[in-house]
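**Q** after the sequence you'll find the predicted model.
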Amino acid sequence: MANCHSDIKFIDFLQSEFALSTVDIAVALRKHELDNSPLAMLLWQYGLVDIQQLERIFDWLEEQV
């Protein structure tokens with residue numbers, strides 16, 4: 001992720017749109033930091049979002065560019 005401001009916006013988006021808890025996001029963030037995997041994919045792999053939600057995340061991320 002690009003910078004602190006975009007990180008905060010992304011986390012706010014995840015919490016407001018998908019009701020992900022801080023703990024859920026923290027687990028995915030730790031894995032993201034360890035192996036630099038895309039955070040959106042980690043959320044899906046851990047079952048925190050479904051495939052339709054993953055598509056919404058990708059759409060949102062694309063809009064942020």
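**A** Right, received. Where do you want to start?

**Q** going forward, measure contacts between C-alpha atoms and count neighbours the same way
**A** Fine.

**Q** just list the residues touching the residue nearest to the spatial centre of the chain, thanks.
**A** The chain has A40 as the residue nearest its centroid, 4.4 Å off, counting by Cα atoms, centre = their mean. Applying Cα atoms under 8 Å, 6 or more residues apart in numbering to A40 gives the contacts L54, I57, F58.

**Q** do you know how far the last one is from V65?
**A** In this case it means F58. Note on F58: its distance to V65, by Cα to Cα, to the nearest Å, is 11 Å.

**Q** filter the contacts of A40 down to the ones in strands?
**A** Nothing among the contacts of A40 maps onto strands, per DSSP state E.

**Q** which of these has the most neighbours?
**A** Ranked by the number of neighbours (other Cα atoms under 10 Å), those place I57 first, at 20 neighbours.

**Q** against D35, how distant is that residue?
**A** I57 sits at a distance of 20 Å from D35 (criterion: Cα to Cα).
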